[in-house]
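Asks: Here's my sequence, what's the structure:
(2 chains)
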Number of protein chains: 2
Amino acid sequence: MLFVVLLSFYFNLCIAKASLNDVLFTGEYEFFDLTHPFDNNTVYWPDAEKFIFSKKIEGFTLDDKSWYASYDFTAGEHGGTHIDAPYHFSSTGKRVGEITLDRLIVPLIVVDVSSIVNGDPSFVLYKHHLDHLLNDNLGKHCVIIFKFGWSKYFNETKQYLGLTEAQDTLNFPGLSEEIAEWIKSSYKNVVGVGVDVASVDPGSSTDFPAHKILLHEGLYIIENVNINSNIPDYGCTALALPMKIAMGTGAPLRLVAICPK
Amino acid sequence: MLFVVLLSFYFNLCIAKASLNDVLFTGEYEFFDLTHPFDNNTVYWPDAEKFIFSKKIEGFTLDDKSWYASYDFTAGEHGGTHIDAPYHFSSTGKRVGEITLDRLIVPLIVVDVSSIVNGDPSFVLYKHHLDHLLNDNLGKHCVIIFKFGWSKYFNETKQYLGLTEAQDTLNFPGLSEEIAEWIKSSYKNVVGVGVDVASVDPGSSTDFPAHKILLHEGLYIIENVNINSNIPDYGCTALALPMKIAMGTGAPLRLVAICPK
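Replies: This next block holds a predicted model:
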């Protein structure tokens, strides 16, 4: 009995400390998985190492004839829903394992330009499209995800990437150099930029200015965000948790949004 | 001006919806990364595929002589800080991609038995060690992490696994079959069980009863938790976000605890 009383006292102490659990699991929040699955269809850059299971043990093979299954896998860092660390384009930039949690768990701002893009794979986003980016999260860390409306093509790699038969050119929407410069100069609180296409730079880019500007500035980039669902522009929280590849130039990312219902 | 007013109105609407951001980023919470990094030292089972960078492009190789770096990698699913999906030991169990977010973002209970273990690699945890497990999170989903005090050996693989010279036997602490049965029968709200060692079963186990009991019951397992820091037993929230390997029997996991300061 004394034990139960002590336990109850201890538990109440914990509640007094305002556990996040008392807020998060009251039914007022919804979790959105903004991550494409890794499988044989996962989109990678045409010349990159794709995700493959490289070995497979599977069957009723244990001593007591019960089930056991285990795979190995091979993958490039920069396919599917993934993060680019600054080191990807900056020799002095941080690697994946060096990006701190206070930059990975942050308010999320969604900029939905899908109705302006309207399925045009040659669309490039400029400042004049975006007067509503004025709200800069009041100076606190945040990540911005640009929604071009491209996630729905993810399972059709050729359409998603805008691949020609020869596989030598790509064509999908992206950010202009102007937008990257604007974020760099005017939105110092933005720690990461995400897109629902295979690259922040448009598919036709060959010199990758948005990559260079953002990664040189120390921001991270998220590519192939899976954002088919309608989530609010403001008010969600991003959990952008990459596989912790210590020296990674990038890594598979589990991206979740926690939004008020 | 009208635009700014409208924007302000819209932003206030969002706040009225009780964004988690208004709670989470007030300075009252601390983030703990309970994940070991993936690199050449990451602990894998002796016969498993280790984490390796399998290709490397790195240098000032772009057209404008600026930096570009990108790696591929190979890994087993079940090394480093990782999740075991029920399918690992149950042919009808869920795979990694099927575990829903409401089981991965849950209250965290830490059961710190490190002072009882006291560095003994042959230690096996039984019910009589654990009368304080009585608090079962009031019937809501939660994950329990057992802290044996083993994370500090992670960078010394031989000591961490209790490897002999012949590498044919292992010796590290783990859960008894009794504990796994107890969780299964008495704690229906527990959706996952984690340990700061390489397996929920003791290193010396050859028939893996804790794996079988927990995974057959539909729980997931987390192994190689990195828990050197002192975090509270109750009141933290676990973000257990695996690489979304659709058909995975397991996957690298980014494990974070959000705790009241």
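Asks: going forward, measure contacts and count neighbours with C-alpha atoms only.
Replies: Fine.
Asks: Apart from its neighbours in sequence, what residue is nearest residue A:102?
Replies: Setting aside the residues directly before and after it, residue A:102 is nearest to residue B:31 in space (C-alpha to C-alpha, 6 or more residues apart in numbering or on different chains), at 7.7 Å.
Asks: Using PDB, write down the CA coordinates of the host helix or strand of that neighbour.
Replies: Here residue B:31 sits within strand B:29-33, counting by DSSP states H and E. Extracted in PDB, the C-alpha atoms of strand B:29-33 (Å, rounded to 0.1, in the frame of the first residue of the first chain):
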ATOM      1  CA  TYR B  29      11.300  20.500 -23.200                       C
ATOM      2  CA  GLU B  30      14.700  18.800 -23.900                       C
ATOM      3  CA  PHE B  31      15.400  16.500 -26.900                       C
ATOM      4  CA  PHE B  32      17.600  13.400 -26.200                       C
ATOM      5  CA  ASP B  33      19.000  11.500 -29.200                       C
END
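Asks: and whichever helix or strand comes after that strand, what other elements does it pack with?
Replies: Counting by DSSP H and E, the next helix or strand C-terminal to strand B:29-33 is strand B:52-59. Counting contacts by 3 or more C-alpha pairs under 8 Å, 6 or more residues apart in numbering or on different chains; DSSP states H and E, strand B:52-59 packs against strand B:68-76.
Asks: Can you show me the strands along the stretch 151-261 of chain A?
Replies: A:174-175, A:190-195, A:220-223, A:236-242, A:250-260 (DSSP state E, counting those that start in this stretch).
Asks: what's the angle from the longest one to strand A:68-76?
Replies: Here strand A:250-260 points in a direction 110 degrees away from that of strand A:68-76 (axes from the mean of the first three to the mean of the last three C-alpha atoms, to 10 degrees).
Asks: is strand A:250-260 anywhere near chain B?
Replies: Yes: Strand A:250-260 reaches chain B (C-alpha under 8 Å from any C-alpha of the partner chain) through A:250, A:252-254, A:258-260.
Asks: Would you list the strands that that strand pairs with, along with their directions?
Replies: strand A:29-33 (antiparallel), strand A:82-84 (antiparallel), strand A:236-242 (antiparallel) (DSSP bridges).
Asks: Run the chain-centre distance for the second one.
Replies: Okay, so that is strand A:82-84. 7 Å (C-alpha atoms, centre = their mean, to the nearest Å).
Asks: What are the contacting residues of it?
Replies: With C-alpha atoms under 8 Å, 6 or more residues apart in numbering or on different chains as the test, strand A:82-84 has contacts from A:78, A:96, A:220-225, A:242, A:249-254.
Asks: before we move on, the earlier item: next, format the strands of the stretch 151-261 of chain A as a markdown table and append mean neighbour count and mean pLDDT.
Replies: Shown next, in a markdown table, are the strands of the stretch 151-261 of chain A (neighbours: other C-alpha atoms under 10 Å in any protein chain shown; pLDDT from 0 to 100):
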| stretch | mean neighbour count | mean pLDDT |
| --- | --- | --- |
| strand A:174-175 | 26 | 98 |
| strand A:190-195 | 25 | 97 |
| strand A:220-223 | 27 | 98 |
| strand A:236-242 | 25 | 98 |
| strand A:250-260 | 26 | 98 |
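Asks: TSV for these, including distance to residue A:161?
Replies: Compiled in TSV, the strands of the stretch 151-261 of chain A are given as follows (distance: least, C-alpha to C-alpha, whole Å):
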stretch	distance to residue A:161
strand A:174-175	11
strand A:190-195	13
strand A:220-223	12
strand A:236-242	23
strand A:250-260	19
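Asks: which one of the ones you listed lies closest to residue A:229?
Replies: Closest approach to residue A:229 among the strands of the stretch 151-261 of chain A (C-alpha to C-alpha): strand A:250-260, 10.9 Å.
Asks: that older thread, please enumerate residues in contact with the strand holding residue B:31?
Replies: Contacts for strand B:29-33 (C-alpha under 8 Å, 6+ apart): A:101-102, B:226, B:254-261.
Asks: which among these gets closest to residue B:169?
Replies: Nearest member of the contacts of strand B:29-33 to residue B:169, counting by C-alpha to C-alpha, is residue B:226, at 23.2 Å.
Asks: will you turn the strands paired with strand A:250-260 into CSV that also has distance to residue B:155?
Replies: Shown next, in CSV, are those (distance: least, C-alpha to C-alpha, whole Å):
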stretch, distance to residue B:155
strand A:29-33, 33
strand A:82-84, 26
strand A:236-242, 21
